[in-house]
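Asker: 3D model of this:
(chains A, B, C and D)
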2 protein chains.
Amino acid sequence: MNEYTNEITLLKALSHPARLAILEALRPGEACVCHLEALFGWRQAYISQQLMVLRAAGLLADRREGWNVYYRVTRPEIYTLIDALHQISQSGETAPLPIPPPSCTCPRCQEKGARRFNKHPHLEEVNPTL
Amino acid sequence: MNEYTNEITLLKALSHPARLAILEALRPGEACVCHLEALFGWRQAYISQQLMVLRAAGLLADRREGWNVYYRVTRPEIYTLIDALHQISQSGETAPLPIPPPSCTCPRCQEKGARRFNKHPHLEEVNPTL
DNA sequence: GCATGATATTCATCTTTTTGAATATGTTTT
DNA sequence: AAAACATATTCAAAAAGATGAATATCATGC
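Answerer: Below you'll find the model as predicted:
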């Protein structure tokens, strides 16, 4: 179950209101920490913590200039994901569900001589690594 | 900070390898629990738990047919998000970072008479609700 | 070098997630 | 109704995440 390691790291970094808000604030371009501090009215340390998470996930890079540290998004593609997220979240709850699709392709359901009282086939015969 | 409630619920539902894998398995269409059980080789109760999370997030619906319960994705748009996720995750670590973008639009940085030793402007003057 | 401003990190605590184990629910066949 | 099956739910312990408080780092101006 070590699949999706990168994906999960990324998703977890995004799964926080403050971090989503920060990414939104960075959409137009880079910003220094003091900007975010003033914009959101959060404690400096708190913002720094969240920036750390986003940076650890590889989403942000920083650049020092005198007193200030400027953060920027390193993967603008993240906004494609975020936009999709908003779209899905906004659509009214459980829409008028589509007509039930065709029947299951389950290995068991597929068995030709599918006797109804039967143990599952052994996993080895069935699992072509998804 | 009650913003993004729906978004966070959705992201958290996705932030789990087993659940991502399940959604992947459901991409071609609906499947019964025994299918997933055989496909992944996980405990039945475990799969049911993960399905519950996805259902609670409004991503899945179920349909009973005799012995089996068939699950299907109610919001195919989720795959747009997942595809974006994979794309971002696969791109090699921190790509050759783009040239540092233009300077910060931070309220402080914007102040015309920006005296360098100055307190931040009061938040009320600055925070137009992001 | 020292004081100050901006940002980062560590620590401790509290809450949430994860996941195995046990058990419950509901359906079908006999 | 009882047995067999498929799936769902509850519980508890361990792991991970969130966050306030305190403190550290590092650049700048004197």
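Asker: Surely A:Asn6 is within a strand?
Answerer: No - counting by DSSP: H, G, I helix; E, B strand; the rest coil, A:Asn6 is located in no strand; its state is helix.
Asker: B:Leu85 is in contact with that one, correct?
Answerer: No - taking contacts as CB atoms under 8 Å, A:Asn6 lies outside contact range of B:Leu85: 9.0 Å. C-beta here means a position set from N, CA and C on the backbone, and glycine is covered the same way.
Asker: between these two, who's got more neighbours?
Answerer: Between A:Asn6 and B:Leu85, B:Leu85 has the larger neighbour count (other CB atoms under 10 Å in any protein chain shown), namely 25 against 17.
Asker: Which helix or which strand is home to that one?
Answerer: helix B:78-90 (DSSP states H and E).
Asker: For that helix, give the mean pLDDT please.
Answerer: Helix B:78-90 comes out with an average pLDDT of 95.
Asker: And that helix, what's buried?
Answerer: Under the neighbour-count criterion of 16 or more other CB atoms under 10 Å in any protein chain shown, helix B:78-90 has B:78-82, B:84-86, B:88-89 buried.
Asker: Name the nearest of the residues you listed relative to A:Ala25.
Answerer: Nearest to A:Ala25 among the buried residues of helix B:78-90: B:Ile88, at 19.4 Å, using CB to CB.
Asker: How about that closest one, nearest residue that isn't a chain neighbour?
Answerer: A:Glu77 (5.0 Å; CB to CB, 6 or more residues apart in numbering or on different chains).
Asker: same check, this time on A:Ala61
Answerer: Spatial nearest neighbour of A:Ala61, chain neighbours left out: A:Thr74 (4.8 Å); criterion: CB to CB, 6+ apart.
Asker: about what we covered before: quick one: the residue nearest to B:Ile88 and DNA strand D, what's the gap?
Answerer: Remark: distance between A:Glu77 and DNA strand D (CB to the nearest atom of the strand, to the nearest Å) = 22 Å.
Asker: Same question for A:Glu37.
Answerer: 13 Å.
Asker: Please tell me I have it right and that residue contacts A:Ser48.
Answerer: No - if you go by CB under 8 Å, A:Glu37 and A:Ser48 don't touch, sitting 9.4 Å apart.
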